[in-house]
Structure formats: C-alpha cells, structure tokens
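In: Would you be able to build a 3D model of this:
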Amino acid sequence: MSAAMADGAAARPTARRPGGRNARVRAQILAATAELVARDGVAGFRYEEVAERAGVHKTSVYRNWPDREDLVVDALLRYAEDLASVADTGDLHRDLVDFLVALAGGMETPFGQTLEQAVRPAGQSATVRQAVSRIVDRRVAAMRRRVDAAVDRGEIPPVDSSFLGEMISGPVHLIVDRGTRPFTRADAERIVGVVLAGIRETAPHT
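Out: Here you go, the predicted structure:
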C-alpha cells in the first residue's frame, strides 16, 4: 500500500472502528469483572460468567487477558479511580470533605469492600496485593498534589501530606468498618475542620 493510500485509509472513520469496538469490549469485560469480584471475591469468579455478564464471547476474555490475575488487576485499577481522586477547586476544606464523602461511599459499596479485603494479605496473591498497593499509591500521590497546591497558595502551612491524609481518612475507615451507622458529610466536615485547625495552630510562627 502506498503512503497516500495509507493516509487515506487512516482518515476514514471505518479504519478506527476495530480499535473503538475493542475498547468497548474491554470496558464491558472490566465492568463485568468488577461486579463479579465485588459479589464473589477475587478468587470466586469464572471467565464464563465474565463473558456472559459482559455480553461477549468467552474467547474475547481469554484473548485480552490470558492470565486470570491480570484481568483482576486491571479491573481493580480501572474501577478504583474515583477512590483515588482529590479535586482542586481552590477550597482545601471543601475538597477534603468531598474526598472523604466519596471515599466512604466507595468503601460502602460491594466493590469497595472487596478492595478493603484485598488489602489484607491472607488469601490474596502477591499480584492482587500489588494492584491494591498501586491504588493506595495513587491516592497518596493525589493527596500530595492537592496539599502541595494548598501550601503554595498559602491555605495551610507546610505539612506532611501523607500524615494529613492518614489523619483525615483514619476516622472514615473506623466508622465504615464498624458499620453501626453511615458516614455522613457532617462527619467529614468535623474531621477536616479539626485536622486543618490543628495543622494551622501547631505551625511555627515567624
């Protein structure tokens, strides 16, 4: 094929359809895997069920993910994105409150509960634990970027972003894991308010 013909073929919409369809199929498979992992746990789902729930042939699952653990890892990483994000609206207090509310909401879903179980090493493969570690690393990195931006803008004094993240997220895990009542926005407001006030109060005064 000549260069001109190749360019013409690339310009036609039909040339992009296979890639687009494959992306949709992959998304359907990952969504189905996430649902089944949330229902049955990391070790409890089967390729046949994934294909049936995704509405694709079983060979599509095998072709994209010959290794079962790779499929689990990709599903975990894809569907934990929202649990790792911290917005930057310019208002640190509100952004942290929104983060805690979203974190609690995610943890209370079946998929979030599966992630929490996957953090525990017992019964989980090293590959899955590594995937969960990557999710946690993303959350830590997102918090660091948001806190650093707040420090640069003078919203708060310099602070260890990892420490701040642990201080605000710890009570969320405690309330959600206890399961005696739902985590509320009022809870998030109080937690963030106390932590930020403490950071400002204990900062060295020049």
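
In: Quick one: classify residue 86 as helix, strand or coil.
Out: Assigned with DSSP: H, G, I helix; E, B strand; the rest coil, residue 86 falls in the coil class.

In: does it really touch residue 99, like I thought?
Out: Yes. Residue 86 is within contact range of residue 99, at 4.9 Å (criterion: Cβ atoms under 8 Å). C-beta coordinates here come from the backbone N, C-alpha and C atoms, glycine included.

In: Common neighbours of the two, please.
Out: Common neighbours of residue 86 and residue 99, counting by Cβ atoms under 8 Å, 6 or more residues apart in numbering, are residue 143.

In: Looking at those two now, which is surrounded by more residues?
Out: Set residue 86 next to residue 99 and count neighbours by other Cβ atoms under 10 Å: residue 99 wins out with 25 against 21.

In: Convert the helix or strand that contains that one to CSV, retaining C-alpha atoms only.
Out: Element membership for residue 99, per DSSP states H and E: helix 92-107. Extracted in CSV, the C-alpha atoms of helix 92-107 (Å, rounded to 0.1, in the frame of the first residue of the first chain):
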residue,chain,number,x,y,z
LEU,A,92,-9.0,22.9,50.5
HIS,A,93,-11.6,22.3,53.2
ARG,A,94,-14.3,21.6,50.8
ASP,A,95,-12.1,19.4,48.6
LEU,A,96,-11.1,17.3,51.5
VAL,A,97,-14.6,16.9,52.7
ASP,A,98,-15.7,15.9,49.2
PHE,A,99,-12.9,13.4,49.2
LEU,A,100,-13.9,11.8,52.5
VAL,A,101,-17.5,11.6,51.5
ALA,A,102,-16.5,9.9,48.2
LEU,A,103,-14.1,7.6,50.0
ALA,A,104,-16.7,6.5,52.5
GLY,A,105,-19.3,6.0,49.7
GLY,A,106,-16.9,3.9,47.7
MET,A,107,-15.9,1.8,50.8
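
In: Need the contact partners of that helix.
Out: By Cβ under 8 Å, 6+ apart, the surrounding residues in contact with helix 92-107 are 80, 82-83, 85-89, 112-113, 115-116, 143, 146-147, 150, 155-156, 168-169, 172-173, 175-176, 182-183, 185, 187-189, 191-193, 196.

In: what does stretch 157-168 give?
Out: Outside stretch 157-168, the residues that touch it by Cβ under 8 Å, 6+ apart are 96, 99-100, 139-140, 143-144, 146-148, 151, 191-192, 195, 199-200, 203-204.
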